[in-house]
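>>> Have a look at this prediction, sequence included:
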Amino acid sequence: MKKILLISCLLIAYTSFSQAQFKYVVKKYFRTHPLDMRFSNFILSLHKDPWFTIDVENRRTDSTFFYLSGTYKNYNPFQYASQELRLVLAEMQIVHEDSLKTLDTIINLQIMGIVDSSVASKKMVEKEFKRFHNNNADRFSNNTYNSYKSKDGETVAEIHNYFVSPFAIAPITIAWGVQGETHQYLFTITLRFKVKQNMATFIVSPEQLLD
């Protein structure tokens, strides 16, 4: 019984540490975020922020999800000068990898530093991608990596997903790549969460709900 209690205490301590490290990263890169306030207050803070201009805002209806997009001025969390710093808040539906293929509704909060289509800009976003990983990968429980190549074998995008134990769905994803229409390069950080009782929470898979 004492061993079970000790293991439980260690798990709780480890989870708390992982979540604290996760929040450190979020605070470093997002001027405002919903982890330390009610979600409705977070939306209000975006409306009141003098450095943030909202371009599009679509409220949720019976047939559409919530979507908000805007740009910052006088703010840049990245170590390169972006031509446009955009924040997107988008509600979306996902399918869990359980036997029932359970549908779920989550929210993505994404900040992206967009530059031009030059080779120099490509190198800048690649460097920011590597810098984030080198500085922050150890703060998470684990991470996965993927890359995408063009027909001639050139890497055109890279992605890291970062996990917080014991949650099975990554709350943070970083990526760099090129926009299809404009051919501009960008580096982006995506915060992924659910909203329950007006608070942002980690996404729990159906299997974890049964544990």
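Yep, that arrived. Numbers count the residues shown, from 1 in each chain.

>>> Please count neighbours and contacts with C-alpha atoms only from this point.
Fine.

>>> show me what contacts residue 23?
By C-alpha atoms under 8 Å, 6 or more residues apart in numbering, residue 23 lies in contact with residue 35.

>>> how close does it sit to residue 71?
For residue 23, the distance to residue 71 (C-alpha to C-alpha, to the nearest Å) stands at 23 Å.

>>> contact partners of stretch 177-184?
Here stretch 177-184 makes contact (C-alpha under 8 Å, 6+ apart) with 114, 115, 116, 117, 118, 156, 157, 158, 185, 186, 187.

>>> How far does it sit from its chain's centre?
Centre-to-centre, stretch 177-184 and its host chain are 20 Å apart (C-alpha atoms, centre = their mean, to the nearest Å).

>>> Give the buried residues for that stretch.
For stretch 177-184, a neighbour-count test (16 or more other C-alpha atoms under 10 Å) marks 177, 178, 184 as buried.

>>> Can you add distance to residue 101 and give the residues you listed back as a markdown table?
What follows is these, written out as a markdown table (distance: C-alpha to C-alpha, whole Å):
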| residue | distance to residue 101 |
| --- | --- |
| 177 | 30 |
| 178 | 31 |
| 184 | 36 |
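
>>> Filter the residues you listed down to just the ones in strands.
177, 178 (DSSP state E).

>>> where's the dip in pLDDT among the buried residues of stretch 177-184?
Note: of the buried residues of stretch 177-184, the lowest pLDDT belongs to residue 178, at 92.

>>> name the element residue 44 belongs to?
Applying DSSP states H and E as the criterion places residue 44 in helix 39-48.

>>> which outside residues touch that helix?
Applying C-alpha under 8 Å, 6+ apart, the contact partners of helix 39-48 are 32, 33, 34, 52, 53, 54, 195, 198, 199, 200.

>>> How far does that helix sit from its chain's centre?
Relative to the mean C-alpha coordinate of its chain, helix 39-48 is positioned 18 Å out (C-alpha atoms, centre = their mean).

>>> Alpha carbons only: can I get that helix in PDB?
Listed in PDB are the C-alpha atoms of helix 39-48, where the atom choice follows Å, rounded to 0.1, in the frame of the first residue of the first chain:
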ATOM      1  CA  PHE A  39     -11.500  31.800 -21.500                       C
ATOM      2  CA  SER A  40     -14.000  34.600 -21.900                       C
ATOM      3  CA  ASN A  41     -11.600  37.000 -20.200                       C
ATOM      4  CA  PHE A  42      -8.900  35.900 -22.600                       C
ATOM      5  CA  ILE A  43     -11.100  36.800 -25.600                       C
ATOM      6  CA  LEU A  44     -11.800  40.100 -23.900                       C
ATOM      7  CA  SER A  45      -8.100  40.800 -23.400                       C
ATOM      8  CA  LEU A  46      -7.500  40.400 -27.200                       C
ATOM      9  CA  HIS A  47     -10.200  42.900 -27.900                       C
ATOM     10  CA  LYS A  48      -8.700  45.400 -25.400                       C
END
